[in-house]
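Peer 1: structure, please.
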Amino acid sequence: MTKSLALELLVPVWQRVLKRSSVNLEEDFFDAGGNPVLARELFAEVSRTCGQEVSPLMICQAPTILALAALLEHPKAFQLSPLVLLKPGSEKPPVFITHGIGGSMVDFFQLAREVQTPHPIYGLQAKGLDGVGEPLGSVEDMAEFNLDAIRQVQTRGPYYFIGYSLGGLVMLEVAQRLRESGEKIGLMAMIDSYPHARYLSRGQRLRLLARRARRRMSNMKQSTRGKDPHVSSELRLRTSANSLRDENADRPLGLSFAEAAERVREKTELAWASYRPRFYNGKIKFVRSAIRSFLPDDPVAIWSHLATEFETKTAPGDHVGMVATHFESLASVLAGYLFESFSQGLSSSTDGAK
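Peer 2: Here you go, the predicted structure:
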């Protein structure tokens with residue numbers, strides 16, 4: 001496909017999805033009013049228009065019409081980088097954030113751009129989502145993969161990490177390795193991140209099972225009335241991916257985005273089930289969801305004995321909604337954590353220079 005033809009196809013699709021009468025070829029999709037749900041809708045329509053599947057992950061590297069048109073000239077040459085710049089910044093060091101099971105960096109563009117900090121924010125993408133790399137089957141391997149990507153832009157500490165859901169465990173393991181090598185961790189923040197149920201206490205497991213049973217009953221009632229408002233991010237992604245797979249079933253082009261996402265999800269769930277967090281000789285700053293749907297209800301009871309210090313704050317929404325819907329409130333909490341951590345780091349540097 002030529003670039004001119006790609007532009008001709010993309011402009012009306014962009015307009016329909018964003019519900020705008022005109023679009024700027026160089027305007028960023030998310031700055032123009034786009035969000036993760038619309039991004040998946042955009043690429044589903046682009047796939048139909050082009051007659052072949054186009055991965056929604058392309059939005060990470062091509063968030064404008066011009067950039068995407070250039071990629072569509074040579075779609076097979078598209079390679080997903082494990083490191084995605086979510087928000088540029090003028091100061092160093094950068095901040096690194098990673099997603100949970102069934103997610104991708106597409107889900108974090110809005111959140112990252114709402115975090116008030118002059119430091120750049122990079123997203124770390126799971127290996128295998130591009131359908132080329134082999135998904136990783138352990139949290140330890142994921143940590144090593146992320147660490148290699150982090151070192152592409154930062155070789156010395158202090159490091160500032162944020163991890164959502166399983167991503168919190170992965171970034172905690174990255175922090176463990178860096179501390180063991182003598183590096184400083186400026187921030188280790190976890191967003192609604194918990195060990196697998198098998199590593200909880202007996203009482204915590206029983207409460208979790210009871211909550212899941214109540215949730216299943218609620219879902220059954222909801223299914224008779226409409227869409228379940230507490231559907232997990234993993235299920236949302238699988239539904240979207242399966243839709244893309246169905247639409248492109250007659251156009252086999254190797255491993256599709258849907259197949260790649262499903263393969264990564266399966267390996268990641270196994271990794272979560274086999275990972276027992278180690279004691280962290282440092283401070284963990286935690287953000288919990290206000291609505292405790294199917295997750296453990298007391299992060300302090302779970303994490304306080306696994307870290308030297310543990311601080312927790314609450315953000316509105318459930319496990320999914322705190323990122324997808326209430327991202328502005330979550331961003332405010334994270335900005336506060338970052339401001340405090342960067343201020344302490346600056347104070348330490350000044351003290352050391354005296």
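Peer 1: so, low pLDDT: which residues of the chain?
Peer 2: 1, 75-78, 204-205, 207-255, 293-297, 346-354 (pLDDT under 70).
Peer 1: can you give me the helices for it?
Peer 2: Residue ranges of the helices in the chain, as given by DSSP state H, are 3-18, 36-50, 58-61, 65-73, 109-114, 139-150, 166-180, 202-223, 233-247, 257-273, 299-303, 321-324, 327-353.
Peer 1: quick check: buried residues in the second one?
Peer 2: Along helix 36-50, the positions that meet the burial threshold by neighbour count (16 or more other CB atoms under 10 Å) are 36, 38, 39, 40, 41, 42, 43, 44, 45, 46, 47, 50. Where you see a C-beta, it was placed from the backbone N, CA and C, and this is true even at glycine.
Peer 1: right, and residue 323 touches residue 108 too?
Peer 2: Yes: counting by CB atoms under 8 Å, residue 108 is a contact partner of residue 323 at 7.3 Å.
Peer 1: overlap in contacts of these two?
Peer 2: residue 164 (CB atoms under 8 Å, 6 or more residues apart in numbering).
Peer 1: dump the helices of the chain into CSV; add distance to residue 86 as well.
Peer 2: As requested, these are exported to CSV (distance: least, CB to CB, whole Å):
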stretch, distance to residue 86
helix 3-18, 20
helix 36-50, 12
helix 58-61, 9
helix 65-73, 16
helix 109-114, 4
helix 139-150, 14
helix 166-180, 13
helix 202-223, 31
helix 233-247, 17
helix 257-273, 19
helix 299-303, 25
helix 321-324, 13
helix 327-353, 12
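Peer 1: quick one, which of these gets closest to residue 103.
Peer 2: helix 233-247 (5.6 Å; CB to CB).
Peer 1: between the buried residues of helix 36-50, which is closest to residue 330?
Peer 2: residue 36 (14.1 Å).
Peer 1: report the central residue of this structure.
Peer 2: When CA atoms, centre = their mean is applied to the chain, the residue found nearest the centroid is residue 99 (2.6 Å).
Peer 1: residues in contact with that one?
Peer 2: 105, 107, 108, 123, 124, 125, 126, 164, 165, 167.
Peer 1: let's see 6 Å
Peer 2: Each residue near residue 99 by CB atoms under 6 Å, 6 or more residues apart in numbering is listed here: 164, 167.
Peer 1: before we move on, the earlier item: save the buried residues of helix 36-50 as TSV, and put in distance to residue 91 too.
Peer 2: Formatted as TSV, the buried residues of helix 36-50 follow (distance: CB to CB, whole Å):
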residue	distance to residue 91
36	27
38	31
39	28
40	33
41	35
42	32
43	33
44	38
45	38
46	36
47	39
50	40
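Peer 1: closest to residue 10 out of those residues?
Peer 2: For the buried residues of helix 36-50, the nearest to residue 10 is residue 46 (6.9 Å; CB to CB).
Peer 1: quick check: the residue lying closest to that closest one once chain neighbours are set aside vs residue 265, distance?
Peer 2: The shortest distance from residue 46 to any non-neighbouring residue, by CB to CB, 6 or more residues apart in numbering, is to residue 54 (4.9 Å). For residue 54, the distance to residue 265 equals 20 Å [CB to CB, to the nearest Å].
Peer 1: thanks a lot, see you next time.
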